[in-house]
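Student: quick check, what structure comes out for this input:
(one chain, ligands or ions: 2)
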Amino acid sequence: MLTLKEITDLLKENGLYKEIIIDGDWYYTVPEKAARAEVTDLSYDSRKVSDGTLFFCKGLKFNPEYLASAIKEGATAAISELVYTDKLDQEAQSTPQIIVTDVQKAMAVIARHFYGCPDEKLELIGFTGTKGKTTSVYFTRHILAHEFGPVVGQFSSIDECVDGKNFIEAHLTTPESLDLFRMMKEAVDNGMKYLAMEVSSQAYKKSRVYGLHFNIGVFLNISPDHISPVEHPTFDDYLWCKSQIIVNSDTVILNRDMDYYELLAQKAHELGKKLITFGSDESDADYRYHGKDHGYFDVSTHNDNLPEVTGEFRVMIPGHFNYSNALAAITVSAQLKDDTSDFAQGLKETKVPGRMEFLKNNAGMVACVDYAHNYLSLSESFKFMKHEYPDGRLIVVIGAAGGKAESRRKDVGRALSEYADVAILTSEDNFFEDPHHIDETIKEHITNPNVKVIINVDRVAAIKQAFEMAKPGDAMFMAAKGREQFMHEKGRDIPYVGDYQLSQKLMKEYDK
Ligand SMILES: CC(=O)N[C@H]1[C@@H](OP(=O)(O)OP(=O)(O)OC[C@H]2O[C@@H](n3ccc(=O)[nH]c3=O)[C@H](O)[C@@H]2O)O[C@H](CO)[C@@H](O)[C@@H]1O[C@H](C)C(=O)N[C@@H](C)C(=O)N[C@H](CCC(=O)O)C(=O)O
Ligand SMILES: Nc1ncnc2c1ncn2[C@@H]1O[C@H](COP(=O)(O)OP(=O)(O)OP(=O)(O)O)[C@@H](O)[C@H]1O
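Tutor: Ligands and ions are numbered 1, 2, ... in the order given. Got it, this is the predicted structure:
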C-alpha cells in the first residue's frame, strides 16, 4: 500500500511530477484529504481496475473513455501525461489526476516501490542482443538451477517463471514495468534468489526497465532489426537503447566477436564497469570456445583474474551460434559460482521450445522448426541447414510481421536468395497488414532467380505444401513461429495450431 502523498513524493524525487488536479483545481502540494488516500493496487488496464487502484493512462491507443471507466470502477487516482479534465463528467473529476512528464517512467518508479523494491533481493542477470536472448536465458537458468536448486526465475519471450518450476506464457520479451516488478515480488516471495531475464531494446525505449539495476548485464550481438515507425526510427536508436544495459549493470559481459564491440567496450570502460568478454577461439576474449561437431565445444579461460572454466561442453540445440549463446551463459554462471565442474550437466539438459527443433520420420523427411526471423538468425540457421543437409533442397516456409520491423522483408528476401531452393511465403503475425502485400514485398527482394517462390498466405496450407513437395534428402525449415499457438491478427491473438505441432502431425502422416 502507498498513499497518494508517498506516490507524489516519489514522483517529485524522480523529477517526474507536474501537478495534481482535483475537481478542476490544480495543485502542486497534494490537498490533505487526497494525500491520505490509499493505493492498494496498480493497473494500466481499465478492465482490471477495482476500488483502491491507481490507474495509469498510457499507450498509443489510449482512449480517455478508459479513464472514465477506471474511475467508475473505483480508481483512487489516475496518472497521465495529458490533462483529461474536459473529457470527464463532473463527478469523475473529483478523482485526483496526477500529471507527470513521462507516464512510462512514473509507472516503473511507482511499481518498483509499490512492490517493495524486489529487484534488490534478487541476483539479476539481463540479456540483450538481436538474437540469442531467449536461448541464453534458458541456458543460464538450467546451469544455475543445476547448481543452486529451484531458486532461479526467468522472464523470457516464451515464458515467465517466478517459482523455479511453473512456466506461464509470455506476451512481451520484457514485460511492462508494472508486471515486471509484480512478478519480481512474486519471485522473491517464492524464495527465488536469481532471475535471468531478456531485456529488449523496446524495454529501454518504453522505460519498462527504468530504474532497474542488473548485477550482470550481457550484450550478445547486434544487427539491424526492429526499425519501424512503432519501434526504433533508426539503427542508431536501436543500438543506443540496447546499450543502456551497460549503463545499468555492475558487471558487463560482451561478445568479443560482435559488431560495434569497440564502441560498447569503450562505454563500459568509461562508466567504470567490470568488463568480461567471451568469444570464439579466434578472438582475444577472456573466455573462448572452440566449436566441434554434434554440439560439442571446448572452453578455455585467458584471464587469470577471472574464475577459470576449462573443458568440453555440449549443447543439445543445433546451430553453431549456440556455442556462443552457451558460452555467454557459462560466463555469467562462472561469476556466480567458482566451481564450474557441473555446468556441463545443466547446459546439456537445456531445451528451448521452438528453437532449432528437428523432426524426422522413417520416410527420410526432415523439418526444422525455428524462431529465426531476421537476417542474422536466418542466415546463420540456413547456413547450418545447408551444412547438415548438403545434398537436397532447402524448402523454407516463411513470412514477416506486419506493421513493424519493415526492413525485415528485404532481409528475409536476401537470406532466401543466399541459401534457399524453395521459398513458400506465407503469413506470420500480420497485425493490420495484408499478408499478400507483405509476401509480395519479400518476393521483390528475392534476387536469386534459382529460388522457386510460392505465395500461400494460409500458413497451415503452406506447411502442408512443403511436406507435399519434400523429397528424400530435402530439408524443410519453418521460420519465425516456433511453438507459438497464436497469430497476431487485427489487434487480436487468433488461435493457431503451431508450426511444431503441425509439423509433428504431418511427419507421422507421411511416415512409412
Ligand atoms: C510499441 C509498444 O511497445 N507497444 C506495447 C505497449 O502498447 P501501448 O503502451 O502503446 O498500449 P496500447 O496497446 O496502445 O493500449 C493503450 C492502453 O490502453 C489500455 N486499455 C485498453 C483497452 C481498454 O479497454 N482499457 C484500457 O485501459 C491498455 O491496457 C494500454 O495500456 O504496451 C502494451 C501492453 O501494455 C503492449 O502490448 C504493446 O506491445 C505491442 C503489442 C508490441 O508488439 N510490442 C513490440 C514492438 C515489443 O515491445 N517487442 C519487444 C521485443 C523486441 C525484440 O524481440 O527484441 C518486447 O519487449 O516484447
Ligand atoms: N547468437 C545467435 N546468432 C544468430 N542467430 C541466433 C543466435 N542465437 C539464436 N539465433 C537464431 O535466432 C532464433 C531466435 O533465438 P532466440 O529466441 O534465442 O533469440 P531472441 O534474441 O530471444 O529473439 P527474439 O528477440 O526474436 O525473441 C533462433 O531460433 C535461431 O535461429
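
Student: so what's the closest residue to residue 37 other than its chain neighbours up against?
Tutor: Using CB to CB, 6 or more residues apart in numbering and skipping the chain neighbours, the partner closest in space to residue 37 is residue 4 (4.7 Å). All C-beta atoms are positioned from the backbone trio N, CA, C, and that covers glycine. Contact partners of residue 4, counting by CB atoms under 8 Å, 6 or more residues apart in numbering, are 20, 30, 34, 35, 36, 37, 39, 76, 77, 96, 98.

Student: repeat for residue 377
Tutor: Residue 377 neighbours (CB under 8 Å, 6+ apart): 130, 131, 321, 370, 371.

Student: in which helix or strand would I find the residue in the chain that ligand 1 sits nearest to?
Tutor: Distances between the chain and ligand 1 by CB to the nearest ligand atom are smallest at residue 59, namely 2.5 Å. Assigned by DSSP states H and E, residue 59 belongs to no helix or strand.

Student: from residue 104, how far off is it?
Tutor: 9 Å (CB to CB, to the nearest Å).

Student: more crowded one of the two?
Tutor: Counted by other CB atoms under 10 Å, residue 59 and residue 104 do not tie: residue 104 has more neighbours, with 20 against 14.

Student: identify the residue nearest residue 508 in space, chain neighbours excluded?
Tutor: residue 361 (7.2 Å).

Student: for stretch 246-254, which residues meet the burial criterion?
Tutor: 246, 248, 249, 251, 252, 253, 254 (16 or more other CB atoms under 10 Å).

Student: is there any residue in that stretch that contacts ligand 2?
Tutor: No. Against ligand 2, stretch 246-254 shows no contacts by CB under 6 Å from any ligand atom, the least distance being 13.3 Å.

Student: centre of the chain to that stretch, how far?
Tutor: Stretch 246-254 has its C-alpha centroid displaced from the chain centroid by 18 Å (CA atoms, centre = their mean, to the nearest Å).

Student: which parts of the protein belong to which domain?
Tutor: In the domain annotation for the chain, the residue ranges read 2-104, 115-348, 357-510 (automatic domain parsing).

Student: kindly check the end-to-end length of the first one for me.
Tutor: Put plainly, it is domain 2-104. End-to-end span of domain 2-104 (CA to CA, to the nearest Å): 19 Å.

Student: now the residue lying closest to residue 267 once chain neighbours are set aside: how far from residue 227?
Tutor: When the adjacent residues along the chain are set aside, residue 267 lies closest to residue 246, with 5.2 Å between them (CB to CB, 6+ apart). Per CB to CB, residue 246 is found 21 Å from residue 227.

Student: kindly report the same for residue 138.
Tutor: Distance of residue 138 to residue 227, given as CB to CB: 27 Å.

Student: out of the two, which sits in the busier spot?
Tutor: A direct count of neighbours by other CB under 10 Å for residue 138 and residue 227 places residue 138 higher, at 23 against 18.

Student: any idea which residue sits dead centre in the chain?
Tutor: residue 173 (2.6 Å; CA atoms, centre = their mean).

Student: does it touch residue 204 like I think?
Tutor: No. With contact defined as CB atoms under 8 Å, residue 173 does not count as touching residue 204 (11.7 Å).

Student: and the residue nearest to residue 508, how many neighbours does it have?
Tutor: Residue 361 has 16 nearby residues by other CB under 10 Å.

Student: same check, this time on residue 87
Tutor: Other residues close to residue 87 by other CB under 10 Å number 14.

Student: quick one: name the residues of this structure near ligand 2.
Tutor: Residues of the chain found near ligand 2 (CB under 6 Å from any ligand atom) are 129, 131-135, 157, 173, 198, 220-221, 319, 321, 324-325, 355-356, 370-372, 376-377, 380-381.

Student: now, which of those residues lie within helices?
Tutor: With helices identified by DSSP state H, the entries of the residues of the chain next to ligand 2 that belong to them are 133, 134, 135, 321, 324, 325, 376, 377, 380, 381.

Student: quick one: residues contacting the third one.
Tutor: Contact criterion CB under 8 Å, 6+ apart gives 317, 322, 325, 352, 355 as the residues in contact with residue 135.

Student: grab the nearest non-local neighbour of the second one.
Tutor: In this structure, residue 322 finds its nearest non-sequential neighbour in residue 315, 4.8 Å apart by CB to CB, 6+ apart.

Student: hang on, isn't that neighbour packed against residue 350?
Tutor: Yes. The pair residue 315 / residue 350 is scored as a contact, 7.1 Å apart, by CB under 8 Å.

Student: shared neighbours of the two, which are they?
Tutor: Contacts common to residue 315 and residue 350, judged by CB under 8 Å, 6+ apart, are residue 139.

Student: look at the two and report which has more neighbours.
Tutor: Each of residue 315 and residue 350 has its neighbours counted (other CB under 10 Å); residue 315 has more, 25 against 21.

Student: read off the pLDDT value for that one.
Tutor: Residue 315 carries a pLDDT value of 95.

Student: for it, give its distance to residue 12.
Tutor: Taking CB to CB, one finds residue 315 at 50 Å from residue 12.

Student: same question for residue 140.
Tutor: 38 Å.

Student: re earlier: who's in contact with the residue nearest to residue 508?
Tutor: 507, 508, 510, 511, 512.

Student: am I right that the first one is in a strand?
Tutor: No. Read with DSSP: H, G, I helix; E, B strand; the rest coil, residue 507 is helix and lies in no strand.

Student: ok, it - contacts?
Tutor: 359, 360, 361, 365, 367.

Student: same check, this time on the last one
Tutor: Residue 512 sits next to 361, 362, 363 when contact means CB under 8 Å, 6+ apart.

Student: which strand or helix spans residue 106?
Tutor: According to DSSP H and E, residue 106 maps onto helix 103-114.

Student: now that helix: average pLDDT?
Tutor: Helix 103-114 shows a mean pLDDT of 98.

Student: and it, what does it pack against?
Tutor: Contacting helix 103-114 under the criterion 3 or more CB pairs under 8 Å, 6 or more residues apart in numbering; DSSP states H and E are the following elements: strand 2-3, helix 4-13, strand 41-43, strand 53-56, strand 77-80, helix 177-189.

Student: mind putting these into TSV with distance to residue 503 and mean pLDDT?
Tutor: Shown next, in TSV, are the helices and strands packed on helix 103-114 (distance: least, CB to CB, whole Å; pLDDT from 0 to 100):
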stretch	distance to residue 503	mean pLDDT
strand 2-3	50	98
helix 4-13	50	98
strand 41-43	39	98
strand 53-56	41	98
strand 77-80	46	98
helix 177-189	32	98
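
Student: most tightly packed of these?
Tutor: strand 53-56 (a mean of 27; mean count of other CB atoms under 10 Å).

Student: so what strands line up beside that strand?
Tutor: strand 41-43 (parallel), strand 77-80 (parallel) (DSSP bridges).

Student: just put those strands in a markdown table and tack on distance to ligand 1.
Tutor: As requested, the strands paired with strand 53-56 are exported to a markdown table (distance: least, CB to the nearest ligand atom, whole Å):
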| stretch | distance to ligand 1 |
| --- | --- |
| strand 41-43 | 8 |
| strand 77-80 | 11 |
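
Student: how about these in a markdown table, adding distance to residue 259?
Tutor: Shown next, in a markdown table, are the strands paired with strand 53-56 (distance: least, CB to CB, whole Å):
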| stretch | distance to residue 259 |
| --- | --- |
| strand 41-43 | 39 |
| strand 77-80 | 39 |
